[in-house]
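Undergrad: Structure for this input, please:
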Amino acid sequence: MTSMSAQSVAALLGSEDLLTAYGFSAQAQVSRFGNGHINRTFLFEEPATAKKLIVQQINTAIFPEPQALVNNASAIAAHLQFKQQAGVFNQQVLLQAATVDGELLAGADRSFRALCFIEGGRSIEVVETPEQAYAAALTFGEFAAALADFPAQQLHTVIPDFHNLRFRFSQLQQAIDANPVGRLASCQSLVDECLAQQPLVVELERVCAGLPMRVCHNDTKINNMLYSDELGRGIATIDLDTCMAGYWLFDFGDMVRTCCSPEPEDSLNTELVRIRPEIFAALARGYLAGLGSIITDAERHSLLLGAKVMCLMIGVRFLTDHLNGDTYFAIHRPNHNLQRAENQLRLFRDLLAQQQELVAQF
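TA: Got it, this is the predicted structure:
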């Protein structure tokens, strides 16, 4: 973390009264926090009182309605606190902090919000062992189970069509037809491979028609769990920005997509990208243990499909952005999004190859 003066952070964020809004003095210590790519995040600390807050500037290009985000988070936190007080949810609850005026949004453009700091946990960035995978899946499963009786349709849809595979294929087709930067010919084989998987759209829609609508986290990377080394388990589920109504198969699929490969999402070692069956098995055990008896048979049988869908869908999104000239996902080298797409499709292929063995986990 890089420390800076209160004046520096105020200038950086374009909000001179941000510290005052949250009750901090001019002597507060401010540091950049975390490694998120969407919102800008800072840790505010008051030395005299040990007060800490996580302060974020919501990226309104991705989340054009910040009020919807904070309303969703408030509703989820209230429900989880009720479950916590009833003794049926043992995680810490991520709470929002209001300004001194009682508002959940701050700044001239009302794009800032604050979160209470959760002590005693750390983020894990890369899954190295089945035990870590199990802990993450158990944490996300417990979170989902505690929200199983929350009316999911009451949540604002902060990103429409976020996990709509038919819509993502339509975006790919538009990029193919327009070919705005002339990249189609150089990746035609990968485009053809993606288009050949369109029957999965029909299968997904058929399966989802028989599933209950649930509150989904929609970003179940392992670093969105806080892990306690002392307790040997996850103690909190964080980053609730994309919580929306959906189906649990997407959350399980995103865990598989982000946890199962020994290589990072944008690795240049494409030949090493694969599904580690021992990690997949740990994710399945942990998620099912967290959900307990709440998960229906239809939902249980949908989880492997969720893994395939998420690898394919994110691959399609990366490929679409590559064709469009890298207008959505940040890139750091030429063909970055194409390499990301190739890795996702490699995971998808490996899921198909191991399908017979993996389905036994459910």
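Undergrad: The residue nearest to the spatial centre of the chain is in what secondary structure piece?
TA: The centroid of the chain falls nearest to residue 219 when counting by CA atoms, centre = their mean (1.6 Å). Taking DSSP states H and E as the definition, residue 219 sits outside all helices and strands.
Undergrad: Over to residue 113?
TA: strand 112-116.
Undergrad: Quick check: buried residues in that strand?
TA: Within strand 112-116, the residues scored as buried using 16 or more other CB atoms under 10 Å are 112, 113, 114, 115. Bear in mind the C-beta positions are built from the backbone N, C-alpha and C, glycine included.
Undergrad: Who are the contact partners of the residue nearest to the centre of the chain?
TA: Contact analysis of residue 219 by CB atoms under 8 Å, 6 or more residues apart in numbering lists 239, 241, 242, 254.
Undergrad: which of these lies closest to residue 157?
TA: Closest approach between those and residue 157, by CB to CB: residue 242, at 10.3 Å.
Undergrad: Go ahead and confirm the closest one touches residue 157.
TA: No: the criterion here is CB atoms under 8 Å, and residue 242 misses it with residue 157 at 10.3 Å.
Undergrad: could you point out where the stretch 1-150 of the chain is predicted with low confidence?
TA: 1-16, 35-37 (pLDDT under 70).
Undergrad: What segments of it are strands?
TA: Taking DSSP state E, counting those that start in this stretch as the criterion, the stretch 1-150 of the chain carries its strands at 3-4, 29-32, 40-46, 51-57, 96-97, 112-116, 122-123.
Undergrad: can I get those strands in a markdown table with distance to residue 361?
TA: A markdown table is the format used below for those (distance: least, CB to CB, whole Å):
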| stretch | distance to residue 361 |
| --- | --- |
| strand 3-4 | 46 |
| strand 29-32 | 39 |
| strand 40-46 | 35 |
| strand 51-57 | 36 |
| strand 96-97 | 36 |
| strand 112-116 | 34 |
| strand 122-123 | 26 |
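Undergrad: returning to that earlier point: okay, the residue nearest to the centre of the chain: pLDDT?
TA: pLDDT, residue 219: 94.
Undergrad: backbone phi and psi for it, please?
TA: Backbone torsions for residue 219, taken as degrees, to the nearest 10, come to phi -150, psi 60.
Undergrad: again, but for residue 246
TA: phi -180, psi -150.
Undergrad: Beta-bridge partners for it, please?
TA: residue 214 (DSSP bridges).
Undergrad: list the contacts for it?
TA: If a contact means CB under 8 Å, 6+ apart, then residue 246 has 152, 162, 163, 213, 214, 215, 216, 218 as its contacts.
Undergrad: Counting neighbours, what do you get for the third one?
TA: Burial of residue 163 is recorded as 25 neighbouring residues (other CB atoms under 10 Å).
Undergrad: Can you say which of the strands of the stretch 1-150 of the chain is packed in most?
TA: strand 112-116 (a mean of 22; mean count of other CB atoms under 10 Å).
Undergrad: who's in contact with residue 243?
TA: Contact analysis of residue 243 by CB under 8 Å, 6+ apart lists 72, 73, 76, 155, 215, 216, 217, 218.
Undergrad: All the helices of the stretch 1-150 of the chain, residue numbers only.
TA: With helices called from DSSP state H, counting those that start in this stretch, the stretch 1-150 of the chain shows them at 6-13, 18-21, 66-85, 130-146.
Undergrad: could I get those helices as a markdown table with distance to residue 231 and mean neighbour count?
TA: Converted to a markdown table, the helices of the stretch 1-150 of the chain look like this (distance: least, CB to CB, whole Å; neighbours: other CB atoms under 10 Å):
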| stretch | distance to residue 231 | mean neighbour count |
| --- | --- | --- |
| helix 6-13 | 33 | 16 |
| helix 18-21 | 33 | 20 |
| helix 66-85 | 16 | 17 |
| helix 130-146 | 10 | 24 |
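Undergrad: Determine which of these approaches residue 335 most closely.
TA: For the helices of the stretch 1-150 of the chain, proximity to residue 335 was assessed by CB to CB; helix 130-146 is nearest, at 30.0 Å.
Undergrad: export that closest one as CSV, just CAs?
TA: Provided in CSV are the C-alpha atoms of helix 130-146 (Å, rounded to 0.1, in the frame of the first residue of the first chain):
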residue,chain,number,x,y,z
PRO,A,130,-7.6,-28.2,-2.3
GLU,A,131,-7.9,-27.0,1.3
GLN,A,132,-8.0,-23.3,0.1
ALA,A,133,-10.5,-24.2,-2.6
TYR,A,134,-12.7,-26.0,-0.1
ALA,A,135,-12.6,-23.0,2.3
ALA,A,136,-13.6,-20.5,-0.4
ALA,A,137,-16.4,-22.7,-1.7
LEU,A,138,-17.7,-23.3,1.8
THR,A,139,-17.7,-19.6,2.5
PHE,A,140,-19.6,-18.7,-0.7
GLY,A,141,-22.0,-21.6,-0.1
GLU,A,142,-22.8,-20.5,3.4
PHE,A,143,-23.3,-16.9,2.1
ALA,A,144,-25.7,-18.2,-0.5
ALA,A,145,-27.6,-20.5,1.9
ALA,A,146,-28.1,-17.6,4.3
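Undergrad: Does anything pack onto that helix? Which helices or strands?
TA: Judged by 3 or more CB pairs under 8 Å, 6 or more residues apart in numbering; DSSP states H and E, helix 130-146 is in contact with helix 66-85, strand 214-216, strand 225-228, strand 233-237, helix 248-259, helix 277-291.
Undergrad: Kindly reformat those as a markdown table containing distance to residue 327.
TA: Converted to a markdown table, the helices and strands packed on helix 130-146 look like this (distance: least, CB to CB, whole Å):
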| stretch | distance to residue 327 |
| --- | --- |
| helix 66-85 | 22 |
| strand 214-216 | 26 |
| strand 225-228 | 31 |
| strand 233-237 | 31 |
| helix 248-259 | 22 |
| helix 277-291 | 32 |
